[in-house]
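Visitor: Provide a 3D model corresponding to the input given below.
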Amino acid sequence: MVEGRVELPHSYRPPAAGARRVGDASLSDEVEVTITLRGPQLPDADDVTGPAMGLATFGARYSADADDAAKVKDELEKLGLHVYDVSLVTRSMHVRGTVQQLNTAFQITLGTYQSADQGQFRGREGSISIPAPLNGIVTGVFGLDDRRMAQRKNAPPQASAAALTPADLESRYQFPPGDAAGQAVAIAEFGGAYFASDVRAFCQKYARAVPQITPISVGYPLLSLEQILQLPKPDQKQLLDFSGEVMMDVEIIAALCPAAAISVYFASFNEKGWIDLLDAVVKTKPLPPAALSISWGRAEDSPDWSASAVVEIDQRLQSVAMLGVTVCAAAGDDGAGDQMNDDRAHVNFPATSPFVLSVGGTMLTGTPPVEIVWWDAPGDRSQPGGGSTGGGVSTVFPRPAWQTVNVESLNTGSIDGRVVPDVAALAGEPFYDLIFRGQDRPSGGTSASTPLWAALLARISAGLPNPQQRRFLTPLLYGAAPGGQPVGGVGCMDIKLGNNRSPGVPQGYAAGDGYDAVSGWGTPTGTRIAQLLSQPE
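Guide: Next up, the predicted model:
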């Protein structure tokens, strides 16, 4: 280590999986990074069960120290970097400099990498070092490496005349009446674009009002279809694939919450994008959304994550939960293996965070239709049309005290980790009726069941007799309802059939009576959940 410098803990990153270094990054290129700072310790995951906290109160208790931020700014400016947009409440600051300046500031050598799925991108290997005076103050540096840390199902099924309509979904899951008037819903996107014409066509098809929808750039450009179609063919394809996923999120929520204000946050799909997007949600004014829908993720123990990123993202999810927002996170579409291909069971992050509502997937089969765990051969996306719900036991996050369920990991010697999912909804056949680029295009995956739950929570929130009753939902599902049964067991329809086996994990996790690691408590009975949440404490 260079004298006067220290290694930044948990900053190590191996070479990006499946990528090769093809050269050094251009020294003159300008790069923006996000620096995260220490702050007062947040409550333990066991304790995030109380009433929602206002942003002012949260900031007064948990913001970074102004003197710490000033010290970091001073040290980085000595190295020629430009520091701006300092946010104490989110414990972060944005910093800009050239590749050459960043190489010097953090004792790294940024490179250009090539991979089959991402093309060419900037990356790094090894650990970061920082000036010794910042030791213990700076907790992370994000944005130096652009490897992809967000993925989701992007192979839509063929057209299906049986695809479920918004009214079908409301009926099946017994949504409480209303249109989510007075509520806000946020959607996280890591790439792609929003096409307003598709939302208008979809809402018109089902005689629903078009809600107020606001795309918000968080360091990622707001693209139009015309701009996408001017790009090279490979870039077009990727962005259109991502845009189909964006429009699925938006259309599901728009049709079910036509009077809500919907914000669609667009961030880059690297670690920095995750942190910046969640920071933006934390700072939402005047009030945070009822729910944030995240249909993206990556295996929690993928070596591509830096350990510091998992910690920082999780802390921001906790901040959002403490503000009374339920983050709905997709459990993944690759079964028990989660695309890791090492013959061990894995689960998706951020769905494994104890500060989210993890959402799994179901499908309908038979006549009359029975709802079972979603599984299409071979149980992951390695083959066209394949996939199944994620679910299992975390190897990263301990099981919080409020998650009073008995599920063992398939991995020998693993910890008693956080179990996912918490709940489920339709992900597979017969899929959701949707419109993309003016054409009917049904689709699904846990990328669809997740925004459905976000929409349901906005509808429930609109009907609460007291807005102060809105709280982070997940721990409440494991608490006792009147009569002593768990709220999740009373408020959800139990899914008892199916499993999430996938290549390399032939056993998978199985559904059964009560809570399980493929469907959680089951699919929602919305009116019953609303009634339980409306009970005075």
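Visitor: residues touching the residue sitting nearest the centre point of the chain, list them.
Guide: Central residue of the chain (C-alpha atoms, centre = their mean): Ile294, 3.4 Å from the mean position. Taking C-beta atoms under 8 Å, 6 or more residues apart in numbering, we find Ile294 in contact with 188, 327-330, 350, 356, 450. (C-beta placed from N, C-alpha, C; glycine too.)
Visitor: out of those residues, who's the most crowded?
Guide: Thr450 (35 neighbours; other C-beta atoms under 10 Å).
Visitor: packing partners for the one helix or strand that residue maps to?
Guide: Here Thr450 sits within helix 446-463, counting by DSSP states H and E. Using 3 or more C-beta pairs under 8 Å, 6 or more residues apart in numbering; DSSP states H and E as the contact criterion, the elements in contact with helix 446-463 are strand 184-189, helix 233-256, strand 291-294, strand 326-330, strand 357-365, strand 423-426, helix 526-533.
Visitor: mind listing the strands for the stretch 401-537 of the chain?
Guide: 417-420, 423-426, 435-436, 439-440, 492-493, 523-524 (DSSP state E, counting those that start in this stretch).
Visitor: what lines up beside the first one in the sheet?
Guide: According to DSSP bridges, strand 417-420 forms sheet pairs with strand 392-398 (antiparallel).
Visitor: in the strand it pairs with, what's buried?
Guide: Neighbour-count burial for strand 392-398 flags 392-397 (criterion: 16 or more other C-beta atoms under 10 Å).
Visitor: likewise stretch 225-235?
Guide: 225, 228.
Visitor: out of the buried residues of strand 392-398, which comes closest to Ile435?
Guide: Gly392 (34.0 Å; C-beta to C-beta).
Visitor: pretty sure the closest one contacts Leu410?
Guide: Yes. Between Gly392 and Leu410 there is a contact under C-beta atoms under 8 Å: 6.8 Å.
Visitor: what residues are shared contacts of those two?
Guide: Joint contacts of Gly392 and Leu410 (C-beta under 8 Å, 6+ apart) are 336, 345, 509.
Visitor: what pLDDT does the model give the second one?
Guide: Meaning Ala345. pLDDT for Ala345: 98.
Visitor: measure it to Val420 for me?
Guide: 11 Å (C-beta to C-beta, to the nearest Å).
Visitor: more neighbours: these two, which one.
Guide: Taking neighbours as other C-beta under 10 Å, Ala345 and Val420 compare with Val420 leading, 35 against 26.
Visitor: pull the number of nearby residues for Pro215.
Guide: Residue neighbour count, defined by other C-beta under 10 Å, stands at 18 for Pro215.
Visitor: before we move on, what about the one 5 residues further on?
Guide: As a burial measure, the neighbour count of Tyr220 was computed by other C-beta under 10 Å and equals 20.
Visitor: find residues that contact each of Ala345 and Val420.
Guide: With C-beta under 8 Å, 6+ apart as the test, Ala345 and Val420 both reach Gly392.
Visitor: that older thread, Throw the helices and strands packed on helix 446-463 into CSV and include distance to Gln114 and mean pLDDT, thanks.
Guide: Shown next, in CSV, are the helices and strands packed on helix 446-463 (distance: least, C-beta to C-beta, whole Å; pLDDT from 0 to 100):
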stretch, distance to Gln114, mean pLDDT
strand 184-189, 25, 98
helix 233-256, 13, 95
strand 291-294, 29, 98
strand 326-330, 29, 98
strand 357-365, 34, 98
strand 423-426, 38, 98
helix 526-533, 48, 94
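Visitor: end-to-end on stretch 71-88?
Guide: Distance across stretch 71-88, first residue to last, is 13 Å (C-alpha to C-alpha, to the nearest Å).
Visitor: and that stretch, how far out from the chain middle?
Guide: 29 Å (C-alpha atoms, centre = their mean, to the nearest Å).
Visitor: contacts for it?
Guide: Contacts of stretch 71-88 (C-beta under 8 Å, 6+ apart): 35, 37, 59, 63-66, 69, 92-97, 101-102, 104-105, 131, 133-134, 137-138, 279, 283.
Visitor: just the buried subset of these, please.
Guide: Buried among the contacts of stretch 71-88 by 16+ other C-beta under 10 Å: 35, 37, 59, 63-64, 69, 92-97, 101-102, 105, 131, 133-134, 137-138, 279.
Visitor: what's across from Val33 in the sheet?
Guide: Val95.
Visitor: do the same with Ala480
Guide: In beta-bridge terms (that is, DSSP bridges), Ala480 pairs with Pro486.
Visitor: next, work out how far apart it and Val490 are.
Guide: 9 Å.
Visitor: cool, Asn499 as well?
Guide: Asn499 is 25 Å from Val490, by C-beta to C-beta.
Visitor: among those two, which residue is more densely surrounded?
Guide: Asn499 (24 against 19).
Visitor: how about the spatially closest residue to Leu223 that is not a sequence neighbour, secondary structure?
Guide: Closest residue in space to Leu223, ignoring its immediate chain neighbours: Ala193 at 4.1 Å, by C-beta to C-beta, 6 or more residues apart in numbering. At Ala193 the chain is in coil, as set by DSSP: H, G, I helix; E, B strand; the rest coil.
Visitor: burial count for Ala193?
Guide: By other C-beta under 10 Å, the burial measure for Ala193, its neighbour count, is 22.
Visitor: what does Asp29 give?
Guide: So Asp29, with other C-beta under 10 Å, has 13 neighbours.
Visitor: could you do Phe349 as well?
Guide: For Phe349, using other C-beta under 10 Å, the count is 29.
Visitor: was I right about it contacting Ala307?
Guide: No. Using C-beta under 8 Å, Phe349 is not in contact with Ala307, being 11.8 Å away.
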